[in-house]
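**Q** Generate a structure from the sequence data that follows.
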Amino acid sequence: MNDYTKPEFKELLKRLQEESWQLELLISGFAIFGLFTAYPSIKLATMEAQNGQQIYTFIIYGIAWASCAILIFNLLLHVLLRGLWIGALGLRYVSGDIDYDSLNYSEKFTKYLKKRVGSFDKYIATLEDYCSVIFAISFLLIFYVIAITFTILAIALTANYVIENDSLPSWLSQGFGISLIVFIIFGMIFTLIDFLTLGFLKKKKWISKIYFPIYWVYSFITLSFLYRPLVYNFLDNKFGKKLSFALVPFYILIAFTLSMEYKSSNYINTSSNSNDIIANDNNYENLIENAAFIDDVAIQSKVISDNYIKVFIPFKDNIENRVFSFNKGLKPEEDDRGLRSNVQFGNRFINSIERDSIRNAYLKTFNDIYRVKIDTSYYETEFIFALIKSDKLGFETYISTKELNDGKHILKVNRKYITKEKDTMYRNVSTIPFYYFKD
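**A** Okay, here's the model as predicted:
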């Protein structure tokens, strides 16, 4: 192992620093190619997880999506400036430094240019600094994204698995859980203040004693122990510090730009949900390529000539929560939902008869909760488990069209819910217009 205190090691570092631009360009080139290739797939996966309300998957893909966007912007900027730097080096070899006297400008302009533009060598050195700092900060920002995500995740996990955990005694779930939430939230605020003020809380003697335990805990929550040397190396360098803050408005501008869309009408837009007068393709199976983007309900097509209507309700976690609220006996002692390993310990075997019995009770409860209406008439339905387009789990039923007249019809799916007064009422889940014409 190299001893970092030896002169030989410092000389090696100096040599590597001088030649690092080649590695920077190589890594940037491969990374940009890979990021542009992966970005559409990651964005699609993030939207699928969001639409399917898969919170853990959404967090993972959300981090990857944000990281991709940051890296693409920073590395493209790095390649652009590094290309400019290489061009400046080539020009320096040909023509040397800037000779302001040979330009034959007036004394006022010559004096101004010498002051503001200065030496060409200084320009090359400045470009080199920009390139090195931007390349380093690109990967540091990824850790910042992970730190923010893990902080929010710590709050969510504490709320879900401690405060709302019925198996824990109230003094532990409420007392310890709420105290932990308060500590995490206030710790997040203090850590953010310390970050934005460039370490103000570490400078004051009496404040630093109070802040140190928070700093120590958050070094693990945010994984800052992995990248802390990079952070402090930026903070003790004025140029790196200024450039880091200068990039913030650009990230805000990029986020704002990506959120913009062109509106062609004051009354309708592409994100409108289906209703009595709007037909969104996400409610028709034959018009949607990815089943993950099906809205709350879908039918087979916008124009129906079959003697049946297929109604599909995609599965989401909150559907199972509703089933449990109406049939508490179905709720297992240990909830297996979320990210889980296929490796299981202990005897969790359920025989096929018991499994079928549970599934039948599950479907019966689901059918009690949901009902289908076409125009003004409710129809008898029997939803069963279904898988469409090989990747979307849900519930489907079929309704006869023999009583329908040719023309436009409105299909509505209503869901039973429990009010605050513990009464049950129905609310509309989805409204889908369609046209029926006998074949």
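**Q** which regions of the stretch 1-150 of the chain lie under the pLDDT threshold?
**A** Scanning the stretch 1-150 of the chain for pLDDT under 70 picks out the ranges 1-6, 8-10, 12-19, 51-53.
**Q** Break down it into its helices, ranges please.
**A** Applying DSSP state H, counting those that start in this stretch to the stretch 1-150 of the chain gives helices spanning 7-51, 55-95, 100-103, 107-116, 120-158.
**Q** Any chance of JSON lines for the ones you listed, columns distance to Val413?
**A** No exception for glycine: its C-beta is placed from N, CA and C like everyone else's. Formatted as JSON lines, the helices of the stretch 1-150 of the chain follow (distance: least, Cβ to Cβ, whole Å):
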{"stretch": "helix 7-51", "distance to Val413": "17"}
{"stretch": "helix 55-95", "distance to Val413": "24"}
{"stretch": "helix 100-103", "distance to Val413": "76"}
{"stretch": "helix 107-116", "distance to Val413": "68"}
{"stretch": "helix 120-158", "distance to Val413": "30"}
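**Q** per-residue pLDDT, Leu411?
**A** Looking at Leu411, its pLDDT reads 94.
**Q** Likewise for Tyr370?
**A** pLDDT, Tyr370: 93.
**Q** and if you look at the one 5 residues further on?
**A** At Asp375, the pLDDT value in this model is 91.
**Q** Run a quick neighbour tally on the residue nearest to Ala88 when sequence neighbours are not counted.
**A** Nearest residue to Ala88, sequence neighbours excluded (Cβ to Cβ, 6 or more residues apart in numbering): Ile124, at 5.0 Å. As a burial measure, Ile124 scores 17 neighbours (other Cβ atoms under 10 Å).
**Q** how close does Ile124 get to Lys115?
**A** Ile124 sits 18 Å away from Lys115, going by Cβ to Cβ, to the nearest Å.
**Q** Thr401 too?
**A** From Thr401 to Lys115 the distance is 83 Å (Cβ to Cβ).
**Q** These two: which is more packed in?
**A** Between Thr401 and Lys115, counting by other Cβ under 10 Å, Thr401 is the more crowded of the two (17 against 8).
**Q** And the more buried one, how close does it get to Tyr435?
**A** Taken as Cβ to Cβ, the span from Thr401 to Tyr435 is 11 Å.
**Q** Using the record's assignment, carve this structure into domains.
**A** For the chain, the structural domains run 11-164+227-258, 281-332+352-436, going by automatic domain parsing.
**Q** Go ahead and flag the most central residue of this protein.
**A** Centroid check for the chain by Cα atoms, centre = their mean gives Gly62 as the closest residue, at 2.1 Å.
**Q** Tell me which residues touch the residue lying closest to that one once chain neighbours are set aside, please.
**A** Excluding the flanking residues, the one nearest Gly62 by Cβ to Cβ, 6+ apart is Thr46, at 5.5 Å. Thr46 makes contact with 58, 61-62, 64-65, according to Cβ atoms under 8 Å, 6 or more residues apart in numbering.
**Q** Now the buried members of those residues.
**A** 58, 61-62, 64-65 (16 or more other Cβ atoms under 10 Å).
**Q** and the residues you listed as TSV, adding distance to Ala298?
**A** As requested, the buried ones among the contacts of Thr46 are exported to TSV (distance: Cβ to Cβ, whole Å):
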residue	distance to Ala298
Phe58	21
Tyr61	23
Gly62	25
Ala64	28
Trp65	26
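**Q** if I look at Ala279, how far off is Ile388?
**A** Per Cβ to Cβ, Ala279 is found 20 Å from Ile388.
**Q** swap in Glu107?
**A** 79 Å.
**Q** What backbone torsions are found at the nearest residue to Tyr398 once chain neighbours are set aside?
**A** Using Cβ to Cβ, 6+ apart and skipping the chain neighbours, the partner closest in space to Tyr398 is Tyr308 (4.7 Å). Phi and psi for Tyr308, reported as degrees, to the nearest 10, are phi -150, psi 160.
**Q** cool, and Ser272?
**A** According to degrees, to the nearest 10, Ser272 has phi -70, psi 140.
**Q** which ones are touching the residue lying closest to it once chain neighbours are set aside?
**A** Nearest residue to Ser272, sequence neighbours excluded (Cβ to Cβ, 6+ apart): Ile278, at 5.0 Å. Neighbouring residues of Ile278 by Cβ under 8 Å, 6+ apart: 268, 272, 433.
**Q** And the first one, what's its pLDDT?
**A** At Ile268 the predicted local distance difference test score is 72.
**Q** can you check Ile304 too?
**A** 92.
**Q** moving C-terminal of the strand or helix carrying Lys412, what's the next helix or strand?
**A** Lys412 is located in strand 407-418, with elements delineated by DSSP states H and E. Counting by DSSP H and E, the next helix or strand C-terminal to strand 407-418 is strand 424-436.
**Q** Tell me the helices and strands packed up against that following strand.
**A** strand 298-299, strand 303-304, strand 407-418 (3 or more Cβ pairs under 8 Å, 6 or more residues apart in numbering; DSSP states H and E).
**Q** Helices along the stretch 301-439 of the chain, start to end?
**A** 317-326, 352-369.
**Q** For Lys408, which of these is the nearest?
**A** Lys408 sits nearest to helix 352-369 of all these, at 27.6 Å, using Cβ to Cβ.
**Q** quick revisit: who's the residue nearest to Tyr398 bridged to?
**A** Ser400 (DSSP bridges).
**Q** Check Ser430 too.
**A** Here Ser430, judged by DSSP bridges, has bridge partners Val413.
**Q** That one reaches Asn282, doesn't it?
**A** No - the criterion here is Cβ atoms under 8 Å, and Ser430 misses it with Asn282 at 10.2 Å.
**Q** who touches both of those two?
**A** In contact with both Ser430 and Asn282: 274, 295, using Cβ under 8 Å, 6+ apart.
**Q** Now the common contact residues for Thr401 and Tyr435.
**A** Joint contacts of Thr401 and Tyr435 (Cβ under 8 Å, 6+ apart) are Ile304.
**Q** coming back round to it: contact partners of the strand holding Lys412?
**A** Taking Cβ under 8 Å, 6+ apart as the rule, strand 407-418 contacts 276, 296-297, 299, 309, 311, 313, 322, 325-326, 368-375, 424-437.
**Q** For PyMOL, what selects the buried ones among these?
**A** To isolate the buried subset of these in PyMOL, counting by 16+ other Cβ under 10 Å, use the following:
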select buried, resi 296+297+299+309+311+313+322+369+370+371+372+373+374+430+431+432+433+434+436
